[in-house]
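1. The following block contains a protein sequence and its predicted model.
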Amino acid sequence: VWSGSVYMKYTDQTANPDNIELGIQQFSSTPTFLASDSQAITLTNTLTRYKFENVELDNASTASIINTVFFGITNTESYDFTVRFGLPQLEESKCVTSVIKTTSTAVQRLRDEIKNTSATTYIGQTSGTIYAEVQVDQIVRDGNIIRASDATDATNWNVRMLIFNGSFIYNLNYGSGNSISITTTASTGNHKLALVYTDGDTRAYLNGSQVSTTNTTSWGDFTSNQLDTIDIGVATSGTEFNNWIRAFAFYKRALTDNEAKILTQ
């Protein structure tokens with residue numbers, strides 16, 4: 001599965017093309033053209049990054065692929081336009097990631113995640129709230145959005161929000177294999193999420209609304225197994241969160257229902 005992107009803009013547009021498409025073409029080793037996938041884009045005079053994502057290569061003979069831009073014109077018509085291109089990028093991913101500025105030399109980007117292993121004072125141990133604003137391009141892309149965990153036992157002691165199997169999941173793991181999990185359907189677009197936790201009161205919020213009734217399960221607190229590690233965009237089961245995290249926050253107290261709704265509006 002591949003995705004392509006390129007920055008483009010009109011620098012002159014006296015007579016525009018009929019249509020413009022961004023695509024990915026497949027070739028055999030000969031090379032012989034095999035297949036093409038594309039989608040229409042609307043070009044302006046503002047430099048913009050255009051993308052074509054989640055293209056599955058389903059031809060067994062495919063040996064190479066290229067990023068393409070198609071300009072549709074009609075025979076006998078007159079056209080006069082100039083387009084500037086910048087930073088084309090082709091990547092083996094379900095969605096495009098941040099641009100690597102490079103030349104002909106191969107470059108491998110570091111993982112796009114934030115990690116702090118000395119974050120005990122930032123995280124509510126007996127109660128708290130975690131918050132994130134995300135721009136979701138691919139709901140099929142699993143991964144943690146935000147997580148606070150115990151460095152020595154992250155599986156059994158953590159509080160987190162993630163996308164998994166097309167759902168937003170709000171999760172609190174405690175003890176040995178115990179879990180409070182709240183799930184709601186994910187969708188593309190911009191979203192604000194919050195998970196409020198304190199003993200006997202676990203609440204999840206999405207875009208200004210509480211998405212669950214209050215969970216009254218008693219779980220104690222994280223004092224004995226302190227939450228000391230923060231991960232933003234960390235992999236889950238080996239899968240990165242390849243979407244955009246606009247903002248995140250940790251609160252050292254459980255926000256009220258009204259505060260959490262206002263925060264996520």
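-> Everything's here; your move. Numbers count the residues shown, from 1 in each chain.
2. Any stretches of the stretch 1-150 of the chain with poor pLDDT?
-> Residue ranges of the stretch 1-150 of the chain with pLDDT under 70: 109-112, 141.
3. Am I right that S167 is in contact with T185?
-> Yes - between S167 and T185 there is a contact under Cβ atoms under 8 Å: 5.9 Å. All C-beta atoms are positioned from the backbone trio N, CA, C, and that covers glycine.
4. Contact partners for the residue nearest to T198 when sequence neighbours are not counted?
-> Setting aside the residues directly before and after it, T198 is nearest to S127 in space (Cβ to Cβ, 6 or more residues apart in numbering), at 3.3 Å. Each residue near S127 by Cβ atoms under 8 Å, 6 or more residues apart in numbering is listed here: Y197, T198, D199, D221, K252, R253, A254.
5. try 7 Å
-> S127 makes contact with Y197, T198, R253, A254, according to Cβ atoms under 7 Å, 6 or more residues apart in numbering.
6. how about the helices of this structure, start to end?
-> 257-263 (DSSP state H).
7. Tell me which of S167 and T185 has more neighbours.
-> Neighbours per residue (other Cβ atoms under 10 Å) separate S167 from T185, with S167 holding more: 13 against 10.
8. now the more buried one, which residues is it bridged with?
-> F164, T185 (DSSP bridges).
9. what about it, distance to T183?
-> Distance check for S167 against T183: by Cβ to Cβ, to the nearest Å, it reads 5 Å.
10. Check G124 too.
-> Applying Cβ to Cβ to G124 and T183 gives a distance of 23 Å.
11. okay, the two: which has more neighbours?
-> G124 (21 against 15).
12. residue contacts, the more buried one?
-> G124 neighbours (Cβ under 7 Å, 6+ apart): Y251, K252, R253.
13. Going by neighbour count, which of these are buried?
-> With neighbours counted by 16 or more other Cβ atoms under 10 Å, the contacts of G124 contain buried members at Y251.
14. which of the contacts of G124 lies closest to K101?
-> Y251 (36.3 Å; Cβ to Cβ).
15. which residues does the closest one bridge with?
-> Beta-bridge partners, per DSSP bridges, of Y251: T129.
16. where does it land on pLDDT?
-> Here, the pLDDT recorded for Y251 equals 96.
17. before we move on, what about the one 10 residues further on?
-> According to the per-residue confidence, K261 scores 97 in pLDDT.
18. Could you do the one 3 residues further on as well?
-> Model confidence at T264, given as pLDDT, is 98.
19. How about N242?
-> For N242, pLDDT reads 74.
20. so it makes contact with C95?
-> Yes - if you go by Cβ atoms under 7 Å, N242 and C95 touch, sitting 5.2 Å apart.
21. Identify the residues contacting the top strand by length along the chain?
-> In the chain, with assignment by DSSP state E, the single longest strand is strand 2-15. Residues from elsewhere that reach strand 2-15 (Cβ under 7 Å, 6+ apart): 22, 24, 43-55, 57, 65, 67, 69, 78-96.
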